[in-house]
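# the following comprises the amino acid sequence and a computationally predicted model.
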Amino acid sequence: MKPRLTRRNVMKGTVAFAAYAFTQVPMSVFGFAELEEGATLVPFVTPQLRNPNRPMIQWDELTNWVTPNEQVYVVSHYNKPELKADEWKLEIGGMVERPLTLSLAELKQRPRQEIMATLECVGNGASASFMGAVANVRWTGTPLAPLLRERGLLKRGTEVLFFGADEKSEKVRELDFDMRFSRSLSLVDALQDKVMLCWEMNGQPLTREHGFPLRLVVPGWYGIAWVKWLTRIEVLDRRLMSKYMAREYVTIRGEQQNGKTLWRETSVSWMNVKSVVARVAKLKNGALRVSGAAWSDGTLIKSVELKLDDGPWQAVKLDTTNRAEFSWTFWSFDLPEVTAGEHTLVSRATDADGRVQPAADDPTIKLKKTYWEANQQWPRKIKV
């Protein structure tokens with residue numbers, strides 16, 4: 001959603017091939033390589049926690065580049081409305097010349113678009129108990145930009161507001177309001193060609209938990225921007241300052257300047273560069289095969305490096321078979337046989353803009369006081 005070197009610029013052929021491959025090859029082949037004969041999984045000293053009531057990626061069990069629908073995490077802030085497809089309507093209004101109301105059937109008659117995009121909760125990685133709220137999904141719908149332009153955008157319009165059907169009573173300055181969930185994008189961001197109105201994930205209709213019948217898809221942005229149960233789009237002439245734009249999902253971080261701390265509060269938007277060590281296997285020859293994933297806001301993942309204990313950073317091998325502009329990239333690295341006992345593995349990703357996934361004590365995040373946008377390196381201990 002900002003000028004950058006993206007996979008679109010350097011990998012158009014790869015993306016086209018990947019889209020074709022989905023129709024030709026079973027999804028199960030798109031994932032971490034199967035264990036070699038005689039190989040065994042090496043357990044993590046602190047395994048990823050499971051919550052039977054909340055779907056989430058289990059990193060050491062990841063087998064698909066495309067996340068099955070039942071494993072896609074679910075987060076919501078208000079109620080989960082039960083909407084009926086034949087009664088649902090989408091309103092488009094505000095600073096436009098020609099307001100419009102569309103049924104789901106009418107919306108589906110518009111040009112169809114599919115995109116592979118990684119969806120991540122902005123709190124993913126904030127604690128050891130919340131490390132799998134990310135998924136890579138094939139989204140289907142129609143692009144937003146042509147629909148907005150057809151309505152005749154007025155010159156004063158600068159912001160696009162998205163209302164969900166989910167609601168809750170909120171107290172603002174000692175007054176109670178029945179609020180519907182809302183987020184916004186600047187008009188420039190909303191008119192990007194990959195932003196779309198989505199009604200399917202991985203070829204299936206959206207479930208209630210994922211925003212049936214329609215949700216916003218904003219590739220490269222954290223999931224909070226992907227408004228679910230979408231019912232109204234409104235073009236504004238000023239900034240939206242709703243709870244989840246101005247009071248919640250605001251990152252507070254400090255920076256040392258001339259012996260003083262300069263504090264900043266910024267609204268959560270696009271995703272930071274990030275990687276994880278997902279699985280470790282001991283091969284028959286004694287080597288350790290480490291596998292993982294890396295992702296960003298659509299900026300090309302230039303490299304991923306791996307470090308064992310206090311050793312040097314070593315470049316891993318990126319999977320170039322399954323890549324798309326806004327999707328995660330799988331990687332792997334074979335370590336020679338290591339001594340018995342506990343060891344620490346940690347990865348860091350770097351994108352084409354030179355952004356490096358920081359360590360927890362890096363000055364860029366050391367003074368971050370909120371858990372949003374948690375992209376710090378995640379050391380993982382294993383026992384061999």
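Perfect, I can see it now. In this text, all values refer to a predicted model and were calculated from it rather than measured experimentally. Residues are numbered from 1 along each chain as shown.
# how much space between A133 and N51?
Distance of A133 to N51, computed by C-beta to C-beta, to the nearest Å: 11 Å. The C-beta positions use only the backbone N, C-alpha and C, and glycine is treated the same way.
# and S347, by the same measure?
Relative to N51, S347 is positioned 24 Å away (criterion: C-beta to C-beta).
# quick one: the helices in this structure?
7-10, 12-24, 104-108, 144-150, 187-190, 363-366 (DSSP state H).
# worst average pLDDT in these?
Out of the helices of the chain, the stretch the model trusts least by mean pLDDT is helix 12-24, with a mean of 37.
# check V29 and give its pLDDT.
Here, the pLDDT recorded for V29 equals 38.
# I should have written P52 there, sorry.
Model confidence at P52 (pLDDT) stands at 73.
# neighbours of it, how many?
Residues contacting P52 under the criterion other C-beta atoms under 10 Å number 5.
# more neighbours: A133 and N51, which one.
Taking A133 and N51 together and counting by other C-beta under 10 Å, A133 has the greater number of neighbours (22 against 10).
# tell me if I'm right that that one and V72 touch.
No. When contacts are counted by C-beta atoms under 8 Å, A133 is not listed as touching V72 (9.5 Å).
# contacting residues around the residue nearest to L288 when sequence neighbours are not counted?
Ranked by C-beta to C-beta, 6 or more residues apart in numbering and with sequence neighbours excluded, the top spatial neighbour of L288 is L335, at 4.3 Å. Neighbouring residues of L335 by C-beta atoms under 8 Å, 6 or more residues apart in numbering: A287, L288, R289, V290, L306, L308.
# who are the contact partners of the fourth one?
Shown here is V290, whose contacts under the criterion C-beta under 8 Å, 6+ apart are V277, R279, V280, L306, V316, S332, F333, D334, L335, L345.
# quick check: the last one touching P379?
Yes. Between L345 and P379 there is a contact under C-beta under 8 Å: 7.2 Å.
# between the two, which has more neighbouring residues?
Looking at L345 and P379 with other C-beta under 10 Å, you find the greater number of neighbours at L345, namely 22 against 13.
# identify the residues contacting the more buried one.
Applying C-beta under 8 Å, 6+ apart, the residues near L345 are V277, V280, V290, L306, K307, L308, P379, R380, K381, I382.
# swap the cut-off to 7 Å and go again
V277, V280, V290, L306, L308, R380, I382 (C-beta atoms under 7 Å, 6 or more residues apart in numbering).
# nearest to F162, of these?
Distance to F162, by C-beta to C-beta, is smallest for V277 among those, at 35.5 Å.
# roughly how far apart are that closest one and I382?
In terms of C-beta to C-beta, V277 sits 9 Å off from I382.
# these two: who's more crowded?
Neighbours around V277 and I382, counted as other C-beta under 10 Å, are more numerous at V277. The numbers are 24 against 21.
# who does the more buried one bridge with?
With DSSP bridges as the criterion, V277 is bridged to G292.
# any idea how far P358 is from it?
Distance check for V277 against P358: by C-beta to C-beta, it reads 16 Å.
# re the thing from before, check the contacts of L345 and tell me the two furthest apart.
Distance extremes for the contacts of L345: the farthest pair is L306 and I382 at 12.5 Å, using C-beta to C-beta.
# so, low pLDDT: which residues of this protein?
Under the criterion of pLDDT under 70, the regions of the chain flagged as low confidence span 1-31, 33.
# try 50
When the per-residue scores of the chain are filtered using pLDDT under 50, the ranges that remain are 1-30.
# pretty sure V346 contacts Q376?
No. Between V346 and Q376 no contact is recorded; they are 10.1 Å apart, counting by C-beta atoms under 7 Å.
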